[in-house]
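Novice: Attaching a predicted model along with its sequence, questions to come.
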Amino acid sequence: MNIYEIREQYPILDRKIEGRPLVYLDNAATSQTPRCVVETINDMYYKHKANVHRGVHTISQEATNLMEATREKVRRFINAKSTSEIIFTRGTTEAINLVASSFGDTLYTGDEIILTVMEHHSNIVPWQLLQRNKRLKIHVVPINSNGELDLNAYEDLFTENIRFVSMTHVSNVLGTINPVKQMIEIAHRYGVPVLVDGAQAAPHMKIDVQDLDADFYCFSSHKMYGPAGVGVLYGKEKQLSRMVPYQGGGEMIGNVTFEKTTFAELPYKFEAGTPDFVGIAAFGAAIDYIEGLGIDNIASHEQLLLDAATSQLMEIEGMRIFGTSEHKEGVISFLVGDINSYDMGVLLDKLGIAVRTGHHCAQPLMKRLGVTGTVRASFALYNTLEEVTRFTQAVARVAKMF
Ligand code: 7TS
């Protein structure tokens, strides 16, 4: 990959912040978007904007074809069996809410589910909301001091009351890549289905939902060089077909009368209302872009950045890195001495470095780590080793100020 050519596709990377060149290291929150994706958005608005799945006219058919082409690209990208297993949502959060609501409908008071301590709030709160109607017991898989899940504790949780497992593929704070294939296999031994939150995995590694044998898998376009407001829920047909719809409205029905409504076939049963067909078409361009560069090339480049950043940060006195698993993605959470994460973030911003600070929507994990927040740098395919050096030198400079 020629990173310098790649960077020309991202006008935002030429911006200056406080007079200094921007170093964008908040990719785990949202990645930037290359010209080819933005051009697809323009093209959709300038040439192909019409409502999908309803029009007999040419423009509507074009919009429908462009949206449905993305469904096939997503299917191929994650190796799903069929496009009927690919549901478009607004993002990972909505995908998890859909499963918690619709699969949750099959759960009863007294049933138990398993989450992990490293979940993003979007994989905690939807399950708690279910408790308004029925009391479910939520078990939490703990981590060790490297930030890795305790697999023995996980397996010990399985009893006949466990009905569901919902867990992240990669931690957005620790960077840990969880052994999801092995964990799914354990759950399946007990007949328990598993949802994998792939928000932090799909932009960085090859995903094969059939090889993982995941029952559900979800991710967000905006973390994958695509537009915001689009996400994917993959679900095995056998699971989706027995679930009730999440929302009601246009396009998710078979036939409606005031007495009785029948629902559309998969995947449309779960796609009520006009979808973000512009964003979905542009997400297709983002998938083409990732596949054109090669996800393995992206992964090895990001690993290089992670290794360099880790060893340079470790030189700084008082440095604490949270998440030291050998199986780790390009995410580093850290604190220096007793410098508050927010103070570090504000001063880094003055030096042109964009990082995220605080609890990263993972307050239970913060509690487990014994901190209120961390500073987090996260890498994407367009980051360079020079940027890593600028970042670590800036951290060292801020550390000296205190
Ligand atoms: N799951 C994980 C593991 C995440 O990291 C995020 C977003 C979500 C779910 C929710 O995704 P959304 O696209 O529906 O919002 N994570 C972050 C983050 O780490 N910083 O900002 C958003």
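Specialist: Done, it's in.
Novice: Give me every residue in the stretch 101-250 of the chain lying close to the ligand.
Specialist: For the stretch 101-250 of the chain, the residues in contact with the ligand (C-beta under 6 Å from any ligand atom) are 120, 122, 168, 172, 197, 199-200, 220. For every residue, glycine as well, the C-beta is placed using N, CA and C.
Novice: what two of these have the greatest distance between them?
Specialist: T168 and S220 (12.8 Å; C-beta to C-beta).
Novice: who touches both of those two?
Specialist: Counting by C-beta atoms under 8 Å, 6 or more residues apart in numbering, the residues touching both T168 and S220 are A199.
Novice: sorry, back to before: dump the residues of the stretch 101-250 of the chain next to the ligand into JSON lines; add secondary structure as well.
Specialist: Formatted as JSON lines, those follow (DSSP: H, G, I helix; E, B strand; the rest coil):
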{"residue": "H120", "secondary structure": "coil"}
{"residue": "S122", "secondary structure": "helix"}
{"residue": "T168", "secondary structure": "strand"}
{"residue": "N172", "secondary structure": "coil"}
{"residue": "D197", "secondary structure": "strand"}
{"residue": "A199", "secondary structure": "coil"}
{"residue": "Q200", "secondary structure": "coil"}
{"residue": "S220", "secondary structure": "strand"}
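Novice: which one of these is nearest Y382?
Specialist: Distance to Y382, by C-beta to C-beta, is smallest for Q200 among these, at 17.4 Å.
Novice: Enumerate every residue touching the residue lying closest to the closest one once chain neighbours are set aside.
Specialist: Nearest residue to Q200, sequence neighbours excluded (C-beta to C-beta, 6 or more residues apart in numbering): V170, at 3.9 Å. By C-beta under 8 Å, 6+ apart, the contact set of V170 is 176-178, 198, 200-201, 204, 329, 331.
Novice: Just the closest of the residues you listed to A286, please.
Specialist: H204 (13.7 Å).
Novice: for the protein, what are the low-confidence residue spans?
Specialist: Of all residues in the chain, none has pLDDT under 70.
Novice: Could I get the full set of helices for it?
Specialist: Taking DSSP state H, the helices of the chain run over residues 3-7, 35-47, 58-78, 92-102, 125-129, 151-156, 180-189, 209-212, 237-240, 277-293, 295-314, 341-350, 363-369, 385-401.
Novice: what's the most buried one of these?
Specialist: When the helices of the chain are scored by mean count of other C-beta atoms under 10 Å, the highest mean neighbour count falls to helix 92-102 (a mean of 24).
Novice: What is it packed up against?
Specialist: Judged by 3 or more C-beta pairs under 8 Å, 6 or more residues apart in numbering; DSSP states H and E, helix 92-102 is in contact with strand 86-89, helix 125-129, strand 162-168, strand 194-197, strand 216-220, strand 231-235.
Novice: mind running it again at 7 Å?
Specialist: Applying 3 or more C-beta pairs under 7 Å, 6 or more residues apart in numbering; DSSP states H and E, one finds that helix 92-102 contacts helix 125-129, strand 194-197, strand 216-220, strand 231-235.
Novice: okay, the ones you listed in a markdown table with distance to V140 next?
Specialist: Shown next, in a markdown table, are the helices and strands packed on helix 92-102 (distance: least, C-beta to C-beta, whole Å):
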| stretch | distance to V140 |
| --- | --- |
| helix 125-129 | 11 |
| strand 194-197 | 15 |
| strand 216-220 | 19 |
| strand 231-235 | 23 |
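Novice: Quickly list what the residue nearest to Q200 is bridged to.
Specialist: Going by DSSP bridges, V170 is paired in beta bridges with I177.
Novice: Give me the distance between the residue nearest to F158 when sequence neighbours are not counted and I114.
Specialist: In space, and not counting its chain neighbours, F158 is closest to Y190: 4.5 Å by C-beta to C-beta, 6+ apart. Using C-beta to C-beta, to the nearest Å, Y190 is found at 10 Å from I114.
Novice: Same drill for these two, tell me which one is more crowded.
Specialist: I114 (22 against 14; other C-beta atoms under 10 Å).
Novice: what does the stretch 251-400 of the chain put close to the ligand?
Specialist: Residues of the stretch 251-400 of the chain lying near the ligand (C-beta under 6 Å from any ligand atom): 356, 360-361.
Novice: Between those residues, which sits nearest L348?
Specialist: Closest to L348 out of these is R356 (10.5 Å), distances taken as C-beta to C-beta.
Novice: Show the contacting residues for that closest one.
Specialist: R356 makes contact with 26, 29, 376, according to C-beta atoms under 7 Å, 6 or more residues apart in numbering.
Novice: try 8 Å
Specialist: 26, 28-29, 345, 375-376, 378.
Novice: Pull the most distant pair out of those.
Specialist: Pairwise over the contacts of R356, using C-beta to C-beta, the maximum falls at A28 and G345, 14.1 Å.
Novice: ok, the most far-flung residue of the chain relative to its centre - contacts?
Specialist: Taking C-alpha atoms, centre = their mean, the residue of the chain most remote from its mean C-alpha position is E259, at 40.0 Å. Under the criterion of C-beta under 8 Å, 6+ apart, E259 has no contact partners.
Novice: For it, give its distance to A272.
Specialist: From E259 across to A272, the span is 20 Å (C-beta to C-beta).
Novice: ok, now G250?
Specialist: Distance of G250 to A272, computed by C-beta to C-beta: 7 Å.
Novice: Run a quick neighbour tally on T159.
Specialist: 9.
Novice: What sits closest to it if chain neighbours are left out?
Specialist: In this structure, T159 finds its nearest non-sequential neighbour in E112, 7.4 Å apart by C-beta to C-beta, 6+ apart.
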